[in-house]
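Student: Generate coordinates for the sequence data below:
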Amino acid sequence: MPSPTSKKEKYTDPVGSPNSASSDTNMNSGESDFEEPEALPLKKLSSDEIKVMRAYNVERIKEVDQLAVDAIAMFFENRVSDCEKLLEKNLFGDPIYLAGSGLVVFLRYCMCFEQPVADKAIQLVETSSSFSSDLHPSTGIMKRIGGAFTRSDPKSKWLKAGEYRAKVIHAECQAIRCFILILQQSVTAVMKAGVALKRAYNLYTELDKERKERARVEGKPMTEIGLDLNSLYCVDFGLGAINLALSMLPSNIASMLNFFGMSGDRDTGFEYIIRCFESDTLLSPFASALLLCVFALVPFFSPILVPKYVPAAKIMAKRSLEKPSMANSLLHRWLIGRVRRLERLVEESSETINYVLNECDIKQIVETMPQLRHIAIYDDVINNIILFRWEKAIECCTILHSESKWSQIFYLYIEGACYEMLAHACIATGDAEKELECRKNATKSYWKAMHNKTTVLGGKVIRIDQFVAKRLCEITELAGIKHPNPDNKKTLTELAPLPEDCLLKNLISLPAYEIVVLFNLSHQVPKSSLERMTSELWEQVQWEIPYSDNTTNNTLCKVAEKFLKENNIPSVEPHTEEQAAEIKRRVKQMNTITNGYGRMLFYLTALGTLMSNAEEVATQEKAMPLLKAVADSPKYKDKFTSLSYCRPLAMYEIANVTYYTSDGDSKLTLDLLDKFNKEYSNPHYYFHSSIDTKVHLVQQFLKKPTDPITLSADDLDDNVEEDSASKEEKHESPSN
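Tutor: You can find the predicted model right below:
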């Protein structure tokens, strides 16, 4: 790692993407117009070729689909290169190969959020959409109106098997395009997503209506109505995914899509996707991965959701690994690692994640889908932070900011935060030499982060980079030096010289604990780790109380002092006079930067959040006065301080505590969340999208509780077997 004190050291741009430039890192920044890439050049089919493909029967469809079935099997056997090569070799032979390639690239995008990957996925599905739309009759509005006034044999309106399949592929491509655009999070992209969603939903609705009508008229099960099974269950997958996505979107995005007349039902979505998973058809592995992802992602936002979703995740993991087509899937194993952490089994989560990392060293993953390895490394960073393994967390961050094309300033910021945690640990041991070394390394990480540009997605800076860029500005202000790259608008190819003997320190002490609080990790922390975190935070509070001498901090300090006294927390003092002087200096500087807000606001927010997510209700109750003190503090907007998230987070956590201390009283909790929504109807604080999502998912769940999977007694008694991939069980292979 180059030294930041050298005058003109070369520093290469690890992002290397022209799409990463930013015009503004503030939340109120304008966004550039989102431009979709053009579809790939596609040879125009002759009328005879169209006629032949439309006339495909079930047997012919099965033959053509087999290549896609083989490719997907390769993907979930971690043979990603083989999968992509097989599809690319036959790319323009059938729209299903283009759609399959687009789906694989879309999965990669979901793990990295890199704009070039999104562009490639859109290109593939747009081309497939154009291809497939030529292979089925148009269902324009005039044709539908005319059909409503025409009496004829219903069978005469039915599509041929080949046409039905083409229409399914068309719908699938529009749905994938919609999800990619939604993840861009720009207004332009979301509006385009609404159009794609409406188109996909209409297509799926027509397909669903026809298959039901066929089954009714012919008096046969849906699987025996002359349509191929892959297409039938792809309809289930598409309808299920759309229903789930619509039901779980943050309220601001959902309201925009509601303009197009779209609303989703969560339970209906689960029902459709589970049916696709159990069918052992083309998209069954993707249905499994989607369910496992949802069951792991939703409870990630709130402990209130854990009791319903985590058992479902464990059952889905068990059922998935029992199927030969998914038994060795590293994608599934990585998701299982996340589920382990949701159970507060962080050691077990680390073992699973490290298993994935060891297997990810295989050439095909490294070369073709490094995103899976990178996201597993990121999860390893999180686990190591929770387990206080700072050196290992730093090693992981070093790999990420040297290999990953995602947020460089974020990885370097976390690296700097972990070095500060190591320095803090040296205070207790009295190792001044090592403490200084860690401070210097933290300085290098922060300084390098300042030379990187923020990551842009969908035309605007991603939320996490908005926060980090603001915090880096505050770090330079705290040190009294000039920021080399204000707002991180570009990547500087040379490191600017840093003033001699300058040590950069975070705005708050114990910055890694802020990551735990901000990134929805508090309810994933084991009891022993939570106790250590709160103990160290209380120690810091006691050190700083004597120097917090302004009105805002006085109020917070009185609450803290009362808590310390009532809970008999042992008193502590700075270890040395030099340390006391440094604390006094930093507290005063902090008060100046934040206009009296002070570091005490963060400490009480972090303590209240950690305690409100403890396993014991008694500990949760103790968090309430701390959270209320923060909630009663002044309201700041995003541009003012990176700590503007503290007050809204405290308001949410008050609702969380209320739920547990009132024996799950939904009405009380919903009233508090409604109050939150009214006060922050136009949010202007850092991490508002994350907190808004927490509020939305909890409100949705409390208004309509759900059981994602019907649990049998056997399922409840079984745990996921980590070695199930090695079991030699015989199953029927996926069939058409």
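Student: Quick one: neighbours of Lys558, just the number.
Tutor: The tally of other residues near Lys558 (other CB atoms under 10 Å) stands at 12. For every residue, glycine as well, the C-beta is placed using N, CA and C.
Student: Which strand or helix spans it?
Tutor: helix 551-566 (DSSP states H and E).
Student: At the geometric centre of the protein, which residue do we find?
Tutor: Geometric centre of the chain, nearest residue: Leu297, 7.4 Å, by CA atoms, centre = their mean.
Student: Could you pull out the strands in this protein for me?
Tutor: Using DSSP state E, the strands of the chain run over residues 9-10, 456-457, 460-461, 494-495.
Student: partner strands of the last one, parallel or antiparallel?
Tutor: Next to strand 494-495 in the sheet, as set by DSSP bridges, lie strand 9-10 (antiparallel).
Student: Give me the distance between the residue nearest to Phe300 when sequence neighbours are not counted and Val306.
Tutor: Once flanking residues are discounted, Phe300 sits nearest to Asn520: 5.7 Å by CB to CB, 6 or more residues apart in numbering. Counting by CB to CB, to the nearest Å, the gap from Asn520 to Val306 is 12 Å.
Student: One more: Glu213?
Tutor: 42 Å.
Student: Show me which of those two is the more surrounded one.
Tutor: For Glu213 versus Val306, neighbours defined as other CB under 10 Å are more numerous around Val306 (18 against 15).
Student: shouldn't that one be in contact with Val298?
Tutor: No - with contact defined as CB atoms under 8 Å, Val306 does not reach Val298; the gap is 9.3 Å.
Student: hang on, the earlier thing: next, count neighbours for the residue nearest to Phe300.
Tutor: Asn520 has 20 neighbouring residues, counting by other CB under 10 Å.
Student: who touches it in this structure?
Tutor: Applying CB atoms under 8 Å, 6 or more residues apart in numbering to Asn520 gives the contacts 300-302, 690, 694.
Student: Where is pLDDT lowest across the residues you listed?
Tutor: Lowest-confidence member of those: Ser690, scoring 87 (pLDDT).
Student: mind listing what it touches?
Tutor: 301, 463, 518-520.
Student: Can you list the buried residues in the longest helix seen in the chain?
Tutor: The helix that spans the most residues within the chain, counting by DSSP state H, is helix 187-218. Neighbour-count burial for helix 187-218 flags 187-190, 192-194, 196-201, 203-204, 206-208, 210-211, 214-215 (criterion: 16 or more other CB atoms under 10 Å).
Student: residue ranges with poor pLDDT in the stretch 351-500 of the chain?
Tutor: Applying pLDDT under 70 to the stretch 351-500 of the chain flags residues 458.
Student: Now do the helices in it.
Tutor: Assigned helices in the stretch 351-500 of the chain, in chain order: 363-368, 370-386, 390-403, 408-429, 432-450, 463-479 (criterion: DSSP state H, counting those that start in this stretch).
Student: The third one packs against which elements?
Tutor: Judged by 3 or more CB pairs under 8 Å, 6 or more residues apart in numbering; DSSP states H and E, helix 390-403 is in contact with helix 370-386, helix 408-429.
Student: any chance of the ones you listed in a markdown table, plus distance to Glu172 and mean neighbour count?
Tutor: Converted to a markdown table, the helices and strands packed on helix 390-403 look like this (distance: least, CB to CB, whole Å; neighbours: other CB atoms under 10 Å):
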| stretch | distance to Glu172 | mean neighbour count |
| --- | --- | --- |
| helix 370-386 | 22 | 23 |
| helix 408-429 | 33 | 23 |
